[in-house]
Each structure stands twice: as C-alpha cells, then as structure tokens.
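got a predicted model here, sequence first, then my questions.
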Amino acid sequence: DAGVTQSPTHLIKTRGQQVTLRCSPKSGHDTVSWYQQALGQGPQFIFQYYEEEERQRGNFPDRFSGHQFPNYSSELNVNALLLGDSALYLCASSLGVGNTGELFFGEGSRLTVL
Amino acid sequence: GENVEQHPSTLSVQEGDSAVIKCTYSDSASNYFPWYKQELGKRPQLIIDIRSNVGEKKDQRIAVTLNKTAKHFSLHITETQPEDSAVYFCATMYNFNKFYFGSGTKLNVKP
C-alpha cells in the first residue's frame, strides 16, 4: 500500500520564479492538505483540498495556490518566489474533511529560493 | 485562529529516564490532539493521539494526558531509548482536519 508520495524531493529556484509541487495521497484517501515547515519550526497549514475544491486556507498570500485532480492527487503552486519561501513543503492526506482522522505525511519537497 | 505553544524546545535525558513535553492551546473548539515524531530528514509520523472526551491514553512507553479546562496536554515517554531521539510536535485539530502544530521539541536520549 503506497503512502503519500511527493515530487520533486529537492529543488532550487531564484527569487521571482514560480514552482509547482506534486502530491499523491495515500491509497483510499480523498483529502489533501499542504503544510510549510520552515527550518526548526512546526508545520504551518497552507490549505486543504477535497472534491477538487479548496476547503480551508491558512494565513498564506494568494501567491500560494493549488489544485486537486479527479484522482485525488494535488499540486501546490507558488508564484513570485521570495527568499522566505524556502522551506520543506509537506503534503498530508486524510479521509474526508469531517473525519477527525490521522494525517499521513509525505517525505516533503525541500525548496530553496536563492 | 488557534495558537499552540510547546515546551521545552530542547530536552536531553539519560537513557532509561522519563521525558515530558507540554503543549498549551487557545481555542476551546479544538477536539483532537495528536503527537508526531519527526526524525531528521523524515516525514512526521503519528505516535499517539487523544480526543477531547478522554483524559489520558497510553500505548506501551508513551502516554498523553489532556486537561481541556486548562487547555493543555502533555506527552510522556518512559524508559527512554536512544531511538526515541527525534523532534516531537504536538498539534491540535481545529475546524475539520485543519491542524495547528507546536514549534517542536528536540529530544536527545543519551546512551
């Protein structure tokens, strides 16, 4: 049973560029959430997708956007990259938005902005 | 929104000793409180969780206690082992699978 998979694992961008990160949820899960984890900090909630719609959003600017596909996989897009966007981006999947269930995390995509 | 504070930020114990990590939260609507362990370069993994209608839960050497009135919960690890060394995060669930995480505790278990 495949867990949550993310790609790419590492990437380097320069300020002003755009990046797309990808996530496939754990088999059987239909909800994908994205988190940003800065070095030495806990994960910060970016947004959550369910039924191909953004259901909840954290305190992140509109430069952060996403998408969920019919197969439940998801993308995170960040435009106009800033140095402060350098972080580990974690995708987490769960079952249903109303289910107080466990989050399963992927290994993350480490983004470095130069 | 929710505010989760976690203490201490670092904790060093001798193998076999106990370790306690504490978290406080602000929103009384939070109703699910998981703890995650993150080893260096790895994904966070759930180690134990507790729901708001329970005061304590234990799983072998790990236990979690919850005081909803005071809005705090704690992780207790007994008989620590070197493989327990990692960063531990507490979290609260607010508003349907929207999680708020503490800033983490780096636990070092010395052999």
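All right, it came through fine.

middle-most residue in chain A, spatially?
Closest residue to the average C-alpha location of chain A: residue A:34 at 3.0 Å, with CA atoms, centre = their mean.

right, and that residue touches residue A:76 too?
Yes. Residue A:34 lies in contact with residue A:76 (CB atoms under 8 Å); the separation is 4.9 Å. The way it works is simple: take the backbone N, C-alpha and C, and place the C-beta from them, glycine included.

which residues do those two both contact?
A:23, A:46, A:66, A:89, A:91 (CB atoms under 8 Å, 6 or more residues apart in numbering or on different chains).

ok, back up a step: quick one: the residue nearest to the centre of chain A from chain B, how far?
12 Å (CB to the nearest CB, to the nearest Å).

which residue sits closest to that residue, ignoring its sequence neighbours?
Leaving aside its chain neighbours, residue A:34 sits nearest to residue A:46 (4.3 Å; criterion: CB to CB, 6 or more residues apart in numbering or on different chains).

that neighbour: which element?
strand A:44-50 (DSSP states H and E).

give me the helices and strands touching that strand, please.
Secondary-structure packing of strand A:44-50 (3 or more CB pairs under 8 Å, 6 or more residues apart in numbering or on different chains; DSSP states H and E): strand A:31-37, strand A:53-57, strand A:64-68, strand B:99-101.

for residue A:15, which of those strands is the nearest?
Counting by CB to CB, residue A:15 lies closest to strand A:64-68 out of those; the figure is 15.8 Å.

wait, does the next helix or strand after the closest one contact chain B?
Proceeding N to C from strand A:64-68, the next assigned helix or strand is strand A:74-78, under DSSP H and E. No. For a cut-off given as CB under 8 Å from any CB of the partner chain, strand A:74-78 has no contacts with chain B; the smallest distance is 14.1 Å.
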